[in-house]
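Peer 1: have a look at this prediction, sequence included:
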Amino acid sequence: MAAVALKLSAPWRSVRLRSLVRFSPVPSLKFHTTASPMMGVTVEQFEQAKGKLSTLKNDPGNEVKLKIYALFKQATQGPCNTPKPGMLDFVNKVKWDAWKSLGSIPQDEARQQYCDLVGSLVAAEGGSSAQVAAEAAGSSTTYQTLLVTTEDDITTIKLNRPAKKNAITTEMYNEIIAALEQAAKDDSVLTVFTGAGDFYCSGNDLTNFTKIPEGGVEAMAKQGGELLRKYVKAYIDFPKPLIAVVNGPAVGVSVTVLGLFDLVYATERATFHTPFSQLGQSAEGCSSYTFPKMMGNAKASEMLLFNKKLTAVQACELGLVTEVFPDSSFQSEVWTRLKAYAKLPPNSLALSKQLIRSMEKERLHAVNDAEVERLVERWMSDECFNAVMSFFQAKAKL
Ligand SMILES: CCC/C=C/C(=O)SCCNC(=O)CCNC(=O)[C@H](O)C(C)(C)COP(=O)([O-])OP(=O)([O-])OC[C@H]1O[C@@H](n2cnc3c(N)ncnc32)[C@H](O)[C@@H]1OP(=O)([O-])[O-]
């Protein structure tokens with residue numbers, strides 16, 4: 001999609017660009033209610049976000065404009081069910097693709113994402129209370145793969161590649177590290193991780209293995225190892241309460257690092273899967289230490305060696321998840337609670353967290369180093385190569 005969208009490039013406010021953003025049928029929104037907050041966004045807030053869009057001075061780029069268009073359509077009309085435009089109808093085809101790529105995400109989730117995205121664009125231009133967290137240090141970093149916002153003393157880092165089930169690309173690892181560094185420094189009390197769309201995260205993006213640098217597979221494995229070490233370190237050293245709002249299935253590295261969070265809230269729809277041996281790989285995210293510690297060797301081995309996928313309730317029984325919520329009330333219950341927690345004295349919270357973690361820090365860094373060393377070897381193995389190839393030949397799905 002990116003390649004086609006680039007061909008649409010036009011200056012902000014040009015006729016062609018306007019046709020992308022304004023194309024949306026604005027009137028007659030089909031909401032069930034006009035007042036009740038759904039996932040924290042009211043119809044009024046959605047309308048305000050729509051109004052703010054026209055005040056943007058800078059062109060956010062075609063990728064973002066398509067995303068805005070798609071979220072608007074999804075928020076107001078639901079999933080895309082219209083016929084696919086013909087191959088030669090380029091503009092309508094990329095718009096249709098963008099809308100279709102949102103799959104079946106609910107209208108309230110789309111409305112939330114729409115407001116988050118518009119809010120972060122407005123904030124990046126310096127005009128909103130919904131501040132982009134990355135701006136705190138004076139540099140107006142915007143993220144390509146994340147939505148990062150700070151509101152009600154909570155910095156939220158939302159993985160934002162719903163069409164790829166939030167699989168983590170190399171760029172995304174780097175952005176998450178940067179977002180965590182920024183959240184550690186900003187004024188927020190809590191930092192929350194969550195995913196856009198119906199998945200929390202499908203783990204490491206397997207296309208990372210197909211980008212072989214000049215030094216070949218060995219260089220790719222070494223660079224990947226360094227990035228992973230830095231990534232996991234960012235969680236180990238994170239100084240404030242870190243909370244996962246697991247909005248759907250979670251796979252691989254997104255599950256293992258949960259052992260480094262302070263609270264994990266999950267919808268009943270979530271599952272937890274670490275299919276390392278199936279992929280010819282080995283445990284990471286400090287899970288070879290945190291999982292046996294929290295659930296005992298036998299249960300941890302079932303997950304880390306034998307790929308057992310846990311339901312949210314099972315993960316809660318084993319101590320990986322703090323609490324499970326019905327899917328229908330997940331967002332409202334969790335956010336109500338988090339907003340109340342964010343009013344607690346911030347220094348007391350941070351210091352207590354650091355006390356709990358401090359005994360473990362050195363050990364966790366050592367575990368991270370050892371796991372990365374094993375993985376670098378694994379990534380050069382035939383077992384791993386064959387598993388990744390099977391995925392791309394569509395032979396294998398978890
Ligand atoms: C770094 C440390 C070591 C490793 C740690 C790990 O995390 S190990 C764990 C590593 N993780 C895995 O092995 C998970 C591999 N993924 C799967 O097995 C399945 O996609 C699924 C079960 C997650 C979802 O099945 P579903 O039928 O509900 O949805 P769908 O399949 O239609 O997906 C929609 C689109 O997303 C794409 N996509 C999704 N995930 C990935 C990914 N990780 N990568 C790349 N792409 C991914 C998928 O190709 C498709 O793209 P398309 O065709 O539209 O261009």
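Peer 2: In hand now; what should we look at?

Peer 1: what kind of secondary structure is K308 in?
Peer 2: Recorded secondary structure, K308: coil (DSSP: H, G, I helix; E, B strand; the rest coil).

Peer 1: right, and it touches S301 too?
Peer 2: No. When contacts are counted by Cβ atoms under 8 Å, K308 is not listed as touching S301 (9.1 Å). All C-beta spots, glycine's among them, are computed from the backbone N, C-alpha and C.

Peer 1: next, count neighbours for the residue in the chain that the ligand sits nearest to.
Peer 2: Closest residue of the chain to the ligand, Cβ to the nearest ligand atom: G252 (2.0 Å). Neighbour count of G252, defined by other Cβ atoms under 10 Å: 23.

Peer 1: not counting residues beside it along the chain, what's closest to it?
Peer 2: Computed as Cβ to Cβ, 6 or more residues apart in numbering, the closest residue to G252 that is not its neighbour in sequence is G203, at 2.5 Å.

Peer 1: what pLDDT does that neighbour get?
Peer 2: G203 carries a pLDDT score of 97 in this model.

Peer 1: please apply the same query to the one 4 residues further on.
Peer 2: T207 carries a pLDDT value of 91.

Peer 1: please apply the same query to the one 10 residues further on.
Peer 2: We have a pLDDT of 90 for V217.

Peer 1: ok, now F391?
Peer 2: According to the prediction, F391 has pLDDT 81.

Peer 1: low pLDDT regions in the chain?
Peer 2: 1-40, 61-63, 87-90, 123-141, 394-397 (pLDDT under 70).

Peer 1: how about stretch 296-305: buried residues?
Peer 2: Within stretch 296-305, the residues that count as buried by 16 or more other Cβ atoms under 10 Å are K299, A300, M303, L304.

Peer 1: so what touches stretch 215-225?
Peer 2: Identification of contacts with stretch 215-225 by Cβ atoms under 8 Å, 6 or more residues apart in numbering yields N208, F209, K211, I212, P213, V372, E373, L375, V376, E377, W379, M380.

Peer 1: returning to that earlier point: does the residue nearest to G252 touch V257 like I think?
Peer 2: No. G203 is not in contact with V257 according to Cβ under 8 Å; the separation is 10.5 Å.

Peer 1: can you count the residues close to the closest residue to S381 other than its chain neighbours?
Peer 2: Nearest-residue entry for S381: G280, 5.9 Å, with adjacent residues in sequence omitted and distances by Cβ to Cβ, 6+ apart. Neighbour count of G280, defined by other Cβ under 10 Å: 17.

Peer 1: again, but for T76
Peer 2: Applying other Cβ under 10 Å, we find 21 residues neighbouring T76.

Peer 1: near the ligand, which residues of the stretch 51-200 of the chain show up?
Peer 2: For the stretch 51-200 of the chain, the contact set with the ligand under Cβ under 6 Å from any ligand atom comprises K164, K165, A167.

Peer 1: who wins for neighbours among those?
Peer 2: Among these, A167 has the most neighbours (other Cβ under 10 Å), with 22 neighbours.

Peer 1: roughly how far apart are that residue and A300?
Peer 2: Distance, A167 to A300, by Cβ to Cβ, to the nearest Å: 24 Å.
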